[in-house]
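Colleague: Need a 3D model of the following:
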Amino acid sequence: MILDHLLARAVARLAAAGSPSARLDAEVLLCHALGVDRTWLFTWGDRQAPTVERARFEALVAARAQGQPVAYLTGEREFWGLALATSPHTLIPRPDTECLVEAALARAVRPEGRLLDLGTGTGAIALAFASERPGWSALGVDIRPEAVDLARHNAARLGIANAAFRESDWFAALIDGERFDLVVSNPPYIAVDDPHLAQGDVRFEPHSALVAADGGLSDLRHLVYEAGRHLLPGGWLLLEHGHDQAEAVRAVLEAAGYVEVASRVDLGGHPRVSQGRRVDDGTGAERP
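Modeller: Sure, this is the predicted structure:
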């Protein structure tokens, strides 16, 4: 069977299985099985599919038809132009989270500074930021040791030396007096009963990295009230949240004493990141 026909059959199978991106999924999986890029595939689609690679591809398509995320099947996902290794121990980096990177870069106006990324996962946010601000240092923390190992691996394979990673339950493992110009996070913010948890890739991603109590707001509230102790005076806190949570997150930021509170929209035009600046001495605000 030639590659174009093999690809067309896979697209039909994935479309029938309900994939919203059947063509792209099939192309990515075939390139992975063959060890080529998409340009090669478009150029040489009239070649015969090698037997071993064809079997590997058909196994990948079968797994994708069962709902397995493409990023876990290939072990890689692009984010901010960076090829990041992925694993089932971490969330899959998504384009909407690039909005958080953009917001952080907009606040990193000085040539040097420090950024803290809470719940770093693959290291996507810290690495994207560090790649754009070589004079800054980025620290990513995660409660899962597997995530920390993966983030370190990504930093090494990308050659990004100004990003480091540490195992920590949010702020718990930070050194006393360790302060940052920017604190960013894409924390769990999906409600326990959200029907989207039974759909798409999130069915296979770590539940603890997705779900939070109190309608998805508990971790967001915790970070707002704890971050002040780790921000330098005038430092910024930037948080990704659900498309319908911006108003609630802004209210928490304002109640905790942050100023210049505002939200930014993602690629789909939905409020996705809310931010605020500390103006006190950095000791943090008490819970009202």
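Colleague: my guess is D142 meets A172, correct?
Modeller: No: proximity of D142 to A172 does not meet the contact threshold set by CB atoms under 8 Å, at 11.6 Å. In this view, the C-beta of every residue, glycine as well, is placed from N, C-alpha and C.
Colleague: Determine the residues that are contacts of both of those two.
Modeller: Counting by CB atoms under 8 Å, 6 or more residues apart in numbering, D142 and A172 have no common neighbour.
Colleague: out of the two, which sits in the more crowded spot?
Modeller: Using other CB atoms under 10 Å as the criterion, D142 and A172 rank with D142 on top: 27 against 10.
Colleague: Enumerate every residue touching that one.
Modeller: Taking CB under 8 Å, 6+ apart, we find D142 in contact with 90, 119-121, 148, 151, 165, 167-168.
Colleague: could you redo the last one with a cut-off of 6 Å?
Modeller: Counting by CB atoms under 6 Å, 6 or more residues apart in numbering, D142 touches 119-120, 148.
Colleague: For R94, which non-adjacent residue is closest in space?
Modeller: In space, R94 comes closest to F79 once its chain neighbours are excluded; the distance is 8.0 Å by CB to CB, 6 or more residues apart in numbering.
Colleague: Let me know the distance separating the one you found from E146.
Modeller: Going from F79 to E146 by CB to CB, to the nearest Å gives 18 Å.
Colleague: Which one of these two is surrounded by more residues?
Modeller: Each of F79 and E146 has its neighbours counted (other CB under 10 Å); F79 has more, 23 against 14.
Colleague: Is that one in contact with P93, as I believe?
Modeller: Yes: in this structure, F79 is within contact of P93 by CB atoms under 6 Å, at 3.9 Å.
Colleague: Mutual contacts of the two, please.
Modeller: With CB under 6 Å, 6+ apart as the test, F79 and P93 both reach A124.
Colleague: just checking, what packs against the top strand by length along the chain?
Modeller: Longest strand in the chain, counting residues (DSSP state E): strand 231-240. Contacts defined by 3 or more CB pairs under 6 Å, 6 or more residues apart in numbering; DSSP states H and E place strand 231-240 against helix 98-107, strand 180-185, strand 271-277.
Colleague: let's see 7 Å
Modeller: Applying 3 or more CB pairs under 7 Å, 6 or more residues apart in numbering; DSSP states H and E, one finds that strand 231-240 contacts helix 98-107, strand 180-185, helix 218-227, strand 271-277.
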